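>>> here is the input, now give the coordinates:
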Amino acid sequence: MKKNCTRVSYKNYLLFTLILFVTIGSIASYSYGEEEKKTNWGFSVLGGWGDAFYTKADMKVYGFLPRISLPLYRKWKLDIEFEGNFFYYDVQKLHDVYFLGVSHNIVFKPIQERWGSLFLLIGGGFGYDSAGKKLYRGDSEAPLLGDQHFSAICNVGAGVLFNIGRGTALRVEYRLYHISEPFDTSDRGMNTHTLLFGISFR
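Model (predicted):
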């Protein structure tokens with residue numbers, strides 16, 4: 001049974017955050033896409049569903065990911081990204097779970113053009129989850145999450161960056177996320193298909 005809690009409207013905070021990012025991005029150095037290898041920063045919003053591998057666990061996930069990207073190895077077209085992870089899991093018939101963590105991605109950009117780039121990524125990290133107790137789903141003997149609050153997260157994905165202005169790009173991607181508690185080997189984790197929409201600045 002889900003816990004009842006006071007609903008807080010975040011629309012004003014979200015609008016302020018978007019305006020702040022766009023304002024700062026508009027005064028960033030002028031460069032299109034991959035013309036210059038510079039530090040890149042931005043954020044994405046995330047929405048997804050699951051369970052990706054087990055059909056018995058109906059859940060949705062929403063998230064916010066601020067990020068900074070750095071060139072890693074230009075010859076191989078590799079970047080490294082550091083992301084904040086703020087996730088909310090809505091698990092049907094179980095109490096909701098929040099995840100707060102940090103992660104990093106290795107990004108490979110095999111196609112880079114003036115209009116933008118296509119990329120593949122793989123990454124992982126760690127953080128805190130609010131489960132507090134083992135989350136069992138149905139008659140399954142294996143819980144979704146353990147009760148230790150410390151979780152690991154990993155993901156693989158692909159996406160595209162569209163240059164929409166000087167120093168600004170629209171980011172659209174798909175990721176498969178897995179979250180579980182590494183010190184509780186009995187849990188099978190939560191696996192979700194996710195879509196991300198974001199913006200990047202240089």
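
>>> where's the residue nearest to the spatial centre of the chain relative to residue 126, distance?
Geometric centre of the chain, nearest residue: residue 65, 5.3 Å, by CA atoms, centre = their mean. Applying CB to CB, to the nearest Å, the value for residue 65 to residue 126 is 15 Å. Every residue, glycine included, has its C-beta placed from N, CA and C.

>>> neighbours around the residue nearest to residue 63 when sequence neighbours are not counted, how many?
Spatially, and ignoring its direct neighbours in sequence, residue 63 is nearest to residue 46 (3.7 Å; CB to CB, 6 or more residues apart in numbering). By other CB atoms under 10 Å, the residues close to residue 46 number 22.

>>> so which residues of this protein form helices?
11-26 (DSSP state H).

>>> which secondary element of it has the worst mean pLDDT?
helix 11-26 (a mean of 54; mean pLDDT, DSSP states H and E).

>>> residue ranges with poor pLDDT in the protein?
Per-residue confidence for the chain (pLDDT under 70) gives these ranges: 1-37, 52-57, 132-143, 146-147, 184-186.

>>> residues in contact with stretch 91-106: which ones?
1-3, 57-59, 72, 78-90, 121-131, 135, 137, 144-145, 151, 153, 155, 179, 190 (CB atoms under 8 Å, 6 or more residues apart in numbering).

>>> how far does it sit from its chain's centre?
Centroid displacement of stretch 91-106 relative to its chain, using CA atoms, centre = their mean, to the nearest Å, is 10 Å.

>>> then that stretch to CSV, C-alphas only?
Extracted in CSV, the C-alpha atoms of stretch 91-106 (Å, rounded to 0.1, in the frame of the first residue of the first chain):
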residue,chain,number,x,y,z
VAL,A,91,6.0,0.5,-8.0
GLN,A,92,2.4,-0.8,-8.3
LYS,A,93,1.0,-2.1,-5.0
LEU,A,94,4.2,-1.3,-3.1
HIS,A,95,5.5,1.8,-1.5
ASP,A,96,7.3,4.3,-3.6
VAL,A,97,11.1,4.4,-3.8
TYR,A,98,13.4,7.3,-4.2
PHE,A,99,17.0,7.1,-5.4
LEU,A,100,19.7,9.8,-5.0
GLY,A,101,23.1,9.1,-6.4
VAL,A,102,26.0,9.9,-8.7
SER,A,103,27.2,8.1,-11.8
HIS,A,104,29.5,8.4,-14.8
ASN,A,105,29.1,7.4,-18.5
ILE,A,106,31.6,6.6,-21.2
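
>>> ok, for residue 48, nearest residue in space, not its chain neighbours?
Residue 48 sits nearest to residue 194 (CB to CB, 6+ apart), 3.2 Å away.

>>> count of neighbours near the spatially closest residue to residue 76 that is not a sequence neighbour?
Nearest residue to residue 76 in three dimensions, chain neighbours excluded: residue 108, at 7.4 Å (CB to CB, 6+ apart). Using other CB under 10 Å, the number of residues around residue 108 comes to 16.
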